[in-house]
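1. make a model of this:
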Amino acid sequence: MKKLFAVCLFFAVAGHLDAKGIFTNPGTRAASLGGAYTGIADDLTAIYWNPAGLAQLEGSGSEVSLVYSASPAKANTAPTNDGSPDSTNGSFPIPESAFSGGEPDFNERELDIKAVLPFAGIYENRNGFVRAFGVYASGGGGGIWEDGSVPNLYASLSSKYAYIVTNFTVAKKISNRLSVGGGLNIVNMFDKLFVEKKWSGGAPYTATIDKNSYGYGFEITAGAMYELNSRLQLGAVIRSGAKIKLDGSATVTHSIPAYAAALGGVSEYTQEYHYPMTAGVGASYNVNKKMLVTGGIDFNRYSRMKDDTTYDTPSGILTSGSNNDGWVNTYQIRGGVEYAASGRLAYRFGFYTDPAPNDRSKLTLFNTNQYDWIPVTLGVGYDFGRTKIDFCYAHTFSDQPSSGTREYEYAVDSVRFSTAYKF
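-> Residues are numbered from 1 along each chain as shown. Prediction:
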């Protein structure tokens, strides 16, 4: 168990994490069908999509998968270098110095974002009860922005956060048509931020912001699956969300004494973070022996995403308070089609809508939760008997939110691969 957790943790925090939304849903076949999987959930990723789906599994087995994406968020203008910055609305967070005689603006217009997000799990069906254990990265956010192209000025911002979920699930068929399941998630959260600015012109200085925190919380999942007839199956799932208490440390430095007094400080802190409740309903329909059509609707209660931060030694910009960052609830509409070319080979297509979970009254290159997305997916799967492999490619179409003359875009390409093995 410890090795499985360590492997998932390594992959999840090794790269700069994909920041769009809160969740990167596990499963390659599920992704190929646009995430319209609540009414299917017939593999190990049912621990996320619908715990009741595990009751369809026989014997014992395992599944591992990886998601990789590498796409920059782009803007038509670089972050501004202001004396009184608003980091939520276009500015770099460390202010221009009043002693410098005037600092130029930045040139870099892209935020580099990469992700390597894993899933690994095992299951066993014993006496009609299917028990499963899995570890996966359910999502995260961050990236790196760096600009050394301006004379006498260097700046960078690196932000990473990850959710690593450890799951225990049990499912059972109650009747020939009805299955139920439930699970416990231990949601581990890691949050890191490092900001640096160096000015080597008149009145040179160096300033940094460094924050690190970790915490965990508990989430309950429950699901039901009902076979209406031989062709139509219905599913529903709810995830309770979790309250996560983060313990962290923060350091703000500035080499100019006046700014060090106004901005600087060192403090431990606690942060109460709300991992949101989500729910979904779905249906799958076998049109014939070769074609499966599936659909679903998910609800994400992002409006509970506020966090309350308390600093042990408040000073400068390290002040205690409550903030919800303008999170709003969203609905996602999902659909997919699977065509079985043979008894072993299947082709898949899917899509879903993914509205921005943030209020867009303020926009910045550093927030990738501000975009409306429509991901489109293509996948293929092959069944060797005991072993199954699946591959999925996804392209995400992004809108272009704007504020004044500033315009942003974040279109993402990603690939997934998974393999499942029956013991």
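
2. pretty sure A52 sits in a helix.
-> Yes: assessed by DSSP: H, G, I helix; E, B strand; the rest coil, A52 belongs to a helix.

3. number of nearby residues for it?
-> For A52, the tally of surrounding residues (other CB atoms under 10 Å) stands at 29. In short, each C-beta sits where N, CA and C put it, glycine included.

4. show me where the protein dips below the pLDDT cut-off.
-> Within the chain, the stretches with pLDDT under 70 are 1-23, 140-142, 324-325.

5. the helices in it, which residues?
-> 2-14, 28-32, 46-49, 257-263 (DSSP state H).

6. give the other helices and strands that the last one contacts.
-> Looking back up the chat, that one is helix 257-263. Here helix 257-263 touches strand 205-227, strand 242-254, going by 3 or more CB pairs under 8 Å, 6 or more residues apart in numbering; DSSP states H and E.

7. L363: which of those strands is closest?
-> Proximity to L363, assessed across the helices and strands packed on helix 257-263 by CB to CB, is greatest for strand 205-227 (21.1 Å).

8. give me the residue at the spatial middle of this protein.
-> With the centre of the chain defined as its mean C-alpha position, the nearest residue by CA atoms, centre = their mean is G139, 2.5 Å away.

9. any idea how far that residue lies from A346?
-> Distance, G139 to A346, using CB to CB, to the nearest Å: 27 Å.

10. rewinding a little: need the helices and strands packed on helix 257-263 in JSON lines with mean neighbour count and distance to L318, can you?
-> Listed next are the helices and strands packed on helix 257-263 as JSON lines, based on neighbours: other CB atoms under 10 Å; distance: least, CB to CB, whole Å:
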{"stretch": "strand 205-227", "mean neighbour count": "19", "distance to L318": "9"}
{"stretch": "strand 242-254", "mean neighbour count": "18", "distance to L318": "6"}
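
11. these: which one's closest to Y154?
-> Nearest to Y154, of the helices and strands packed on helix 257-263 and by CB to CB, is strand 205-227 at 9.4 Å.

12. strands paired with the closest one, and their directions?
-> With DSSP bridges as the test, strand 205-227 is paired with strand 178-199 (antiparallel), strand 232-239 (antiparallel), strand 242-254 (antiparallel).

13. buried sites along the longest one?
-> Taking 16 or more other CB atoms under 10 Å as the basis for neighbour counts, the residues of strand 178-199 that come out buried are 179-183, 185-199.

14. how far is it from where the chain is centred?
-> Centroid separation for strand 178-199 versus its chain: 8 Å, with CA atoms, centre = their mean, to the nearest Å.

15. can I get that strand as CSV, trimmed to CA atoms?
-> These are the backbone C-alpha positions of strand 178-199, laid out as CSV (Å, rounded to 0.1, in the frame of the first residue of the first chain):
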residue,chain,number,x,y,z
LEU,A,178,-29.7,-3.5,-8.6
SER,A,179,-26.2,-3.0,-7.4
VAL,A,180,-24.9,-0.6,-4.6
GLY,A,181,-21.5,0.4,-3.5
GLY,A,182,-19.8,2.8,-1.1
GLY,A,183,-16.3,3.9,-0.4
LEU,A,184,-14.0,6.0,1.8
ASN,A,185,-11.6,8.5,0.3
ILE,A,186,-8.6,9.9,2.2
VAL,A,187,-7.8,13.1,0.3
ASN,A,188,-4.2,14.3,0.6
MET,A,189,-3.5,17.8,-0.5
PHE,A,190,-0.1,19.4,-1.3
ASP,A,191,0.1,23.1,-2.0
LYS,A,192,3.4,24.9,-3.0
LEU,A,193,4.0,28.5,-4.3
PHE,A,194,7.3,30.2,-5.0
VAL,A,195,7.5,33.7,-6.5
GLU,A,196,10.8,35.5,-7.2
LYS,A,197,11.8,38.9,-8.6
LYS,A,198,15.2,40.4,-9.2
TRP,A,199,15.9,43.9,-10.3
